[in-house]
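> Give me the fold of what follows.
(chains A, B, C and D)
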2 protein chains.
Amino acid sequence: MAAPRTNVQRKAVSVEPSAAPAGSPTARARRDRGGETRERLIEAAIDVFGRHGYEGATTRQIAKAANANLAAIVYHFGSKEALYLAVVEHLIGEINRRMGPVLAFVEASFPERPAEAVALLKRMLGAFVDVILGNPEARRWARIIIRELLDPTDAFDVIYGFTGRAHALATRLVAIADGADAEAMETKLRAFTVIGQGIVFRVANAMVLRRIERDALGPAEREAIKRILAGNVDAMFAGDGDARA
Amino acid sequence: MAAPRTNVQRKAVSVEPSAAPAGSPTARARRDRGGETRERLIEAAIDVFGRHGYEGATTRQIAKAANANLAAIVYHFGSKEALYLAVVEHLIGEINRRMGPVLAFVEASFPERPAEAVALLKRMLGAFVDVILGNPEARRWARIIIRELLDPTDAFDVIYGFTGRAHALATRLVAIADGADAEAMETKLRAFTVIGQGIVFRVANAMVLRRIERDALGPAEREAIKRILAGNVDAMFAGDGDARA
DNA sequence: GTCTATAGTCGGATAGAC
DNA sequence: GTCTATCCGACTATAGAC
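The predicted structure follows:
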């Protein structure tokens, strides 16, 4: 990706039209038209950028999918590139809305016994699996996020703002469970192996489905995955504490 | 990706020019020019398709990077799409060349005790990590392969030819180590969690590097990862047999 | 087998009416 | 805030000389 430059240049969100003349006949009927178009453009852009990549996606496709005018993209975002950045920010916002509470809970916890840390780690992992697999939109999100991980552009920083925090938390829990140093490279790598056990089902989804001969990962499969991951985590941290459930 | 249609239409490899008049003055000096151009085009295409995606990549970029003429792509491959397919086949060929021996060894083994299966699983996993991390080209390969996993096109079948076989083998070993059924969904999912522990370092490489504050995963980090993975596998399969090393 | 030239299409962005 | 019309550069693929 020819690295979207950094000129975000996103328009300040237009003033709330609810401040318009209250009795105006048409004012209420079409409230905040601009905001709606903006949202539709972002939703459509998630799909189109996700399927075709940043450069493969065309503003015409996006406008059409959003049922909006081509010029609306420039009007609302300034450029294709700024739209892309807005899309990534939107994605991370959605993910944060879903995982934020769990992360905050873990951040506020100070487990001392390994077993408590393992329990929290399993809880984080379960929530993560629910977000990346138990959500019809997650597949669309993943296409964009994983592309960005493979070949970072400016938008990577936005993603890292969430993923970096999540991994740091997981690392802290692994450190407590192992009685190890949270700053040690080994501990951080160990945390990645925990997360990777879940991520693989999103990244290699097409392969998983073909191997288990299913059309999709439904609730049953998702519960099976969560159970397996919990078992793995228990096993991984059984040696160094009393972590076994 | 607007799904490359199936018209492979790859040119039959041109007759070996070594069959040309043996004594010809220029015949030996420039032997197999076409073949070399073809190779350079594929190498360049790996980079360009990997960085920009199928649709984002342009044949002009590829030709320029390969130091070849634009028309050479059509001449050697027939179309942009056929070049892409040739690239994926080349990639899988390279990976097969490196991992084939290990897979064949495992295929020829019939471990009976769980400990033997676990040992083979660790060996497969180690080889896998070496291929995806211990190879400067692996990053370029991964960009294309992972994109294809995220959003399969016709080329997915080529990839599945390798990855499906590898996962089936891993599943067989997991089944023996667990005393479980290799056809059970749970066993297959468990095998994915094993593989995912390695894959994450390729997929989320940029994140890993930022978290451990390194510029690249060198031999030392790679050995650490292999050691951690081996430990995890031992722990995962310790309960059901005498698998501990 | 390599090259130039070009046909025909589609890309992002802009201008200006409404 | 939405729309049409348009600029102009870049795209894949082809034709045909060498």
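> Which other helices and strands does the lengthiest helix in chain A contact?
Longest helix of chain A, by residue count under DSSP state H: helix A:80-108. Contact here means 3 or more C-beta pairs under 8 Å, 6 or more residues apart in numbering or on different chains; DSSP states H and E; on that basis helix A:80-108 packs against helix A:33-56, helix A:59-65, helix A:70-77, helix A:114-133, helix A:138-150, helix A:155-178. C-beta coordinates here come from the backbone N, C-alpha and C atoms, glycine included.
> closest to residue B:81 out of those helices?
helix A:33-56 (13.3 Å; C-beta to C-beta).
> list the helices and strands the closest one packs on?
Checking 3+ C-beta pairs under 8 Å, 6+ apart, helix A:33-56 ends up next to helix A:59-65, helix A:70-77, helix A:80-108, helix A:138-150, helix B:33-56.
> Can you show me the CA trace of the shortest one as CSV?
What follows is the C-alpha trace of helix A:59-65 in CSV, where atoms were taken according to Å, rounded to 0.1, in the frame of the first residue of the first chain:
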residue,chain,number,x,y,z
THR,A,59,-14.3,5.5,-4.4
ARG,A,60,-17.0,4.8,-7.0
GLN,A,61,-17.6,1.4,-5.6
ILE,A,62,-17.8,2.8,-2.1
ALA,A,63,-20.2,5.6,-3.1
LYS,A,64,-22.4,3.2,-4.9
ALA,A,65,-22.5,0.7,-2.1
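> Please name the nearest non-neighbouring residue to residue A:83.
Distance criterion C-beta to C-beta, 6 or more residues apart in numbering or on different chains; nearest residue to residue A:83, sequence neighbours excluded, is residue A:77 at 4.2 Å.
> didn't that neighbour look like it was pressed against residue A:86?
Yes. Shown here, residue A:77 and residue A:86 form a contact pair, counting by C-beta atoms under 8 Å, at 5.8 Å.
> Looking at those two, which has the bigger crowd around it?
Comparing residue A:77 with residue A:86 by neighbour count (other C-beta atoms under 10 Å in any protein chain shown), the higher total belongs to residue A:77, at 24 against 21.
> Next, format the helices and strands packed on helix A:33-56 as JSON lines and append distance to residue A:211 and mean pLDDT.
Putting those into JSON lines (distance: least, C-beta to C-beta, whole Å; pLDDT from 0 to 100) gives the following:
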{"stretch": "helix A:59-65", "distance to residue A:211": "32", "mean pLDDT": "98"}
{"stretch": "helix A:70-77", "distance to residue A:211": "40", "mean pLDDT": "97"}
{"stretch": "helix A:80-108", "distance to residue A:211": "27", "mean pLDDT": "98"}
{"stretch": "helix A:138-150", "distance to residue A:211": "18", "mean pLDDT": "97"}
{"stretch": "helix B:33-56", "distance to residue A:211": "25", "mean pLDDT": "94"}
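> In terms of position in space, what residue lies nearest the middle of chain A?
When C-alpha atoms, centre = their mean is applied to chain A, the residue found nearest the centroid is residue A:95 (4.4 Å).
> Just confirm that residue contacts residue A:141, I think it does.
Yes. At 7.0 Å, residue A:95 and residue A:141 qualify as touching, with contact defined as C-beta under 8 Å.
> Now do the domain split for chain A, please.
For chain A, the structural domains run A:30-78, A:87-236, going by automatic domain parsing.
> list the contacts for residue A:76?
Residues near residue A:76 by C-beta atoms under 8 Å, 6 or more residues apart in numbering or on different chains: A:11, A:34, A:37-38, A:41, A:83.
> Need the max-distance pair from those.
A:34 and A:83 (14.6 Å).
> Comparing those two, which residue is more hemmed in?
More crowded of residue A:34 and residue A:83, by other C-beta under 10 Å: residue A:83, with 24 against 15.
> circling back to that earlier point, can I get the contacts of residue A:76 in JSON lines with distance to DNA strand C?
Output for the contacts of residue A:76, formatted as JSON lines (distance: C-beta to the nearest atom of the strand, whole Å):
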{"residue": "A:11", "distance to DNA strand C": "12"}
{"residue": "A:34", "distance to DNA strand C": "14"}
{"residue": "A:37", "distance to DNA strand C": "14"}
{"residue": "A:38", "distance to DNA strand C": "16"}
{"residue": "A:41", "distance to DNA strand C": "12"}
{"residue": "A:83", "distance to DNA strand C": "8"}
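> Residues of chain A that sit close to DNA strand C?
A:57-61, A:70-71, A:73-74, A:79-81 (C-beta under 7 Å from any atom of the strand).
> For DNA strand D, state which of those is nearest.
Of all the residues of chain A next to DNA strand C, DNA strand D sits closest to residue A:71, with 3.2 Å by C-beta to the nearest atom of the strand.
> number of nearby residues for that closest one?
Residue A:71 has 10 nearby residues by other C-beta under 10 Å.
> And the one 10 residues further on, by the same measure?
The tally of other residues near residue A:81 (other C-beta under 10 Å) stands at 21.
> Next, format the residues of chain A next to DNA strand C as CSV and append distance to residue B:47.
Converted to CSV, these look like this (distance: C-beta to C-beta, whole Å):
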residue, distance to residue B:47
A:57, 20
A:58, 23
A:59, 26
A:60, 28
A:61, 26
A:70, 32
A:71, 35
A:73, 30
A:74, 31
A:79, 26
A:80, 23
A:81, 22
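> Those: which two are farthest apart?
A:57 and A:71 (17.2 Å).
> tell me which residues in stretch A:224-239 are buried?
Residues of stretch A:224-239 classed as buried by neighbour count (16 or more other C-beta atoms under 10 Å in any protein chain shown): A:224-226, A:228-238.
> Which of the residues you listed fall in helices?
Filtering the buried residues of stretch A:224-239 for helices - DSSP H - leaves A:224-226, A:228-236.
> if I pick the closest residue to residue A:37 other than its chain neighbours, what's in contact with it?
Once flanking residues are discounted, residue A:37 sits nearest to residue A:68: 5.2 Å by C-beta to C-beta, 6+ apart. If you count contacts by C-beta under 8 Å, 6+ apart, residue A:68 has them with A:37, A:40-41, A:44.
> burial of residue A:104, as a residue count?
Around residue A:104 there are 11 residues (other C-beta under 10 Å).
> Same question for residue A:93.
Residue A:93: 13 surrounding residues under other C-beta under 10 Å.
> gap between it and residue A:161?
11 Å (C-beta to C-beta, to the nearest Å).
> what's the answer for residue A:41, then?
Taking C-beta to C-beta, one finds residue A:41 at 23 Å from residue A:161.
> Residue A:72 now?
For residue A:72 relative to residue A:161 (C-beta to C-beta), the value is 28 Å.
> check contacts around residue A:164.
Neighbour list for residue A:164: B:207, B:210-211 [criterion: C-beta under 8 Å, 6+ apart].
> TSV for the residues you listed, including secondary structure and neighbour count?
Converted to TSV, the contacts of residue A:164 look like this (DSSP: H, G, I helix; E, B strand; the rest coil; neighbours: other C-beta atoms under 10 Å in any protein chain shown):
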residue	secondary structure	neighbour count
B:207	helix	21
B:210	helix	17
B:211	helix	20
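> For residue A:162, the count of nearby residues, please.
Residue A:162 has 18 nearby residues by other C-beta under 10 Å.
> Likewise for residue A:218?
Residue A:218, neighbours per other C-beta under 10 Å, totals 11.
> ok, it - contacts?
So residue A:218 contacts nothing (C-beta under 8 Å, 6+ apart).
> separation between residue A:142 and residue A:202?
5 Å.
> Find residues that contact each of the two.
By C-beta under 8 Å, 6+ apart, the residues touching both residue A:142 and residue A:202 are residue A:132.
> Who has more neighbours out of those two?
Set residue A:142 next to residue A:202 and count neighbours by other C-beta under 10 Å: residue A:202 wins out with 25 against 20.
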